[in-house]
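[1] Whatever this is, show me its structure:
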Amino acid sequence: MSSSLKLDWCSHEAAKYAVEHWHYSKSLPTPPVVKVGVWEDGRYIGAVLFSRGANNNLGSPYGLGATEVCELTRVALDKHDTPTSRIVAVALRMMRKLAPGLRLCVSFADENQGHLGTLYQAGGWIYAGRAKSMPKFITPDGQVLHNRQVSKTGVMPQYGRLTRVPLISDCKVVTQLDKWRYLMPLDAEMRAKILPLAKPYPKRTCVGSVVSDTGADQALEGGATPTPTLQGATE
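    Residues are numbered from 1 along each chain as shown. The predicted model follows:
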C-alpha cells in the first residue's frame, strides 16, 4: 500500500531533531539553511536541508555566483516507504520556487560513510568526478571537528569575530577519502553547460559493501514524532 507523502518548510528545532537522530553527522550545516520537513502518513520522518555549503566558491567552477547555487547538505530520514530520490526531487522543486534565481544544486556522497551516491543516481543527477576531502580533527576529549573548527593559533574568524578553537597540534588528524560530486542543473541552459562534465556513475566493486546512501544510523530509531510546535513554517 502506498504511503501519503507531504513536504513542507519546517522549523530549526525539527531539522535539528532529524539530523541528531537520523543523520551520521549529528549536526546542522552552517547557516543560512533552508529546511524542508518530510511527513509520511502524517508522521514526521525527517528533513532535507539545503545551504551554501562549506566551500565559499561552490559555484565558481560553473560560472555561478553565491546566490545561483546551493548545496544539498543533509538528507536525514527515519525509516520510510517513499524512495529517497523522490523525496529529494520534491524538495528541489520547493527550492526552485523559493529562489527562482537558483540554477544549480550540488551534493557530495561521502565514501568515508560508505556512501556512493545511489540516491543521486536514482534521481538522474550528473556525476562530475571526485571532490577533495579535508581531514577530520579529533580533540583530546573525543570531539570530531572539521578544518574550520580548528587552527594553528587557537583562534579563528567565525561569524565575523575571532573565536577560540582547539589547536591543530592538540588534535589527532584523520585523513578522509575524497567524496563523489553530483550536480543537478535547475534550468535547460545550465544542463547543457554542465553535461560535458558528466562521467559514468561509480559502482560498487566489493561484495557485501554498502549500496544505499541512507546510512544505517538513519533507520534505527522509528516512530519518533516531534511535537506539533516543531513542525512549523520556515524561519
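[2] alpha carbons only for contacts and neighbour counts from here, please
    Noted.
[3] any idea which helix or strand carries the spatially most central residue of the chain?
    Geometric centre of the chain, nearest residue: Thr73, 1.9 Å, by CA atoms, centre = their mean. For Thr73, the host element (DSSP states H and E) is strand 69-77.
[4] go on, Met156?
    For Met156, the element it lies in under DSSP H and E is strand 155-158.
[5] Please point out which parts of the helix or strand just after that strand sit buried.
    Using DSSP H and E, the helix or strand that follows strand 155-158 in sequence is strand 161-164. By neighbour count with 16 or more other CA atoms under 10 Å, strand 161-164 contains no buried residues.
[6] Name the strands paired with strand 161-164 and say parallel or antiparallel.
    Its sheet considered, strand 161-164 pairs with strand 155-158 (antiparallel) by DSSP bridges.
[7] Identify all contacting residues around the strand it pairs with.
    Contacts to strand 155-158, defined as CA atoms under 8 Å, 6 or more residues apart in numbering, come from residues Arg148, Gln149, Val150, Leu162, Thr163, Arg164, Val165, Pro166.
[8] Would you state the strands of the chain in chain order?
    5-9, 33-40, 43-51, 69-77, 104-109, 126-131, 136-138, 144-145, 155-158, 161-164, 172-174, 179-185 (DSSP state E).
[9] so which of the ones you listed gets nearest Arg86?
    Nearest to Arg86, of all the strands of the chain, is strand 5-9, at 10.0 Å by CA to CA.
[10] list the buried ones in that closest one?
    For strand 5-9, by 16+ other CA under 10 Å, it's Leu5, Leu7, Asp8, Trp9.
[11] same question for it, mean pLDDT?
    The average pLDDT within strand 5-9 is 97.
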